[in-house]
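*Asks:* structure, please.
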Amino acid sequence: MESKRIDPATLQLKDQVVSINRVTKVVKGGKNMSFSALVVVGDPDQGIVGIGMGKAKDVPSAIRKGIEVAKKNLKKINLFNTTIPHQVVGHFGAGAVLLKPAPEGTGVIAGGPVRAVLQSAGIQNVFTKSLGTTNPHNVVKATMVGLMELRARKPAASSPSGSQERPAQER
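*Replies:* Below is the predicted model of the structure:
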């Protein structure tokens, strides 16, 4: 299912740095140090969020690159008022993130990487549990996978006779 690209120029995007990591490449002449930054960008009012990773010799450049990559990966999330429509588990690598809808006034019950993604997406009431790895890259990607699996709630269908018929379950 290919979705059309979201134009970042039309949105009020807010960026949030999830993690910054110092990485070293050992070469013949010694060690080459650089920084990698994991960034989440989103418009909370529109329910749009994207993630990106940038790598550069200094931290500000790495963050800038991460923001540019995240703007290219923006996705629209299906929301239900201020929460998510249904429970979902997102898997990526060894990481899994459980997302459950919460009643109004609960807030975002989530750890660091998951919280950054959910707040950038504009989700205000949700319960989460991060399972498996604590690696921020995998946790953020698992959260995005879970959010992309969300389907919009459909209004309850009523039959013309007024009674609800349930299909027989197969054994």
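*Asks:* tell me which element the most centrally placed residue in the chain is part of?
*Replies:* Per CA atoms, centre = their mean, the C-alpha nearest to the average position across the chain is that of M144, at 3.4 Å. Per DSSP states H and E: M144 is located in helix 136-148.
*Asks:* that helix packs against which elements?
*Replies:* Contacting helix 136-148 under the criterion 3 or more CB pairs under 8 Å, 6 or more residues apart in numbering; DSSP states H and E are the following elements: strand 14-27, strand 30-43, strand 48-56, strand 75-76, strand 88-92, strand 95-101, helix 112-121, strand 126-132. The way it works is simple: take the backbone N, C-alpha and C, and place the C-beta from them, glycine included.
*Asks:* kindly recompute the last result at 6 Å.
*Replies:* strand 14-27, strand 88-92, strand 95-101, helix 112-121 (3 or more CB pairs under 6 Å, 6 or more residues apart in numbering; DSSP states H and E).
*Asks:* circling back: who touches the residue nearest to the centre of the chain in this structure?
*Replies:* Contact partners of M144, counting by CB atoms under 6 Å, 6 or more residues apart in numbering, are I51.
*Asks:* can you rerun that using 8 Å?
*Replies:* Counting by CB atoms under 8 Å, 6 or more residues apart in numbering, M144 touches V49, I51, K75, G90, F92, V117.
*Asks:* so for T133, which of the helices and strands packed on helix 136-148 sits nearest?
*Replies:* When these are compared by CB to CB, strand 95-101 sits nearest T133, at 4.3 Å.
*Asks:* give me the residues contacting the next helix or strand after the closest one.
*Replies:* Counting by DSSP H and E, the next helix or strand C-terminal to strand 95-101 is strand 108-109. The contact list for strand 108-109, computed with CB under 8 Å, 6+ apart, reads A102, R115, L118, Q119, I123, Q124, N125, V126, F127, T128.
*Asks:* okay then, goodbye and thanks.
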